[in-house]
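S.K.: Have a look at this prediction, sequence included:
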Amino acid sequence: QVQLVESGGGLVQPGGSLRLSCAASGRIFSINDMGWYRQAPGKQREMVAGITSGGTTTYADSVKGRFIISRDNAKNTAYLQMNSAKPEDTAVYFCNADMKTTRWGARGLYWGQGTQVTVSS
């Protein structure tokens, strides 16, 4: 079984910082792209940031210049450094990963359970 577990969520004041982690575990052969998404109450899930296995990154316009996505391939872990947090960043943050569990198996997209981030004074 493969599992993605997010951590690091919580309450942060406007202008503050928070670092989220997403650790993949289980039977993993390779991990391609990893990403962070978020879903606010009453809204659709939206992409926040993505990173390829080679380190190429992409960001939603709303977080460019404030959030930084990174990964540690040796640890099968992705990170989201959230800086200059705004109340509109409040949401449940999910990570996903495009992975293969065996050399010859098909790639699959896996999701974590999410971690709550609340930006409020």
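M.R.: Cool, the structure landed. Numbers count the residues shown, from 1 in each chain.
S.K.: What residues are bridge-paired with Thr57?
M.R.: The partner list for Thr57 in beta bridges (DSSP bridges) reads Ile51.
S.K.: Would you quantify the distance from the residue lying farthest from the centre of the chain to Ile69?
M.R.: Distance to the chain centre peaks in the chain at Trp104, reaching 26.5 Å (criterion: Cα atoms, centre = their mean). Between Trp104 and Ile69 the distance is 30 Å, computed by Cβ to Cβ, to the nearest Å. Backbone N, C-alpha and C define where each C-beta goes, glycine included.
S.K.: same deal with Gly26?
M.R.: Going from Gly26 to Ile69 by Cβ to Cβ gives 22 Å.
S.K.: the more surrounded of the two?
M.R.: Ile69 (23 against 12; other Cβ atoms under 10 Å).
S.K.: Three-state assignment for that one, please.
M.R.: Following DSSP: H, G, I helix; E, B strand; the rest coil, we place Ile69 in the strand state.
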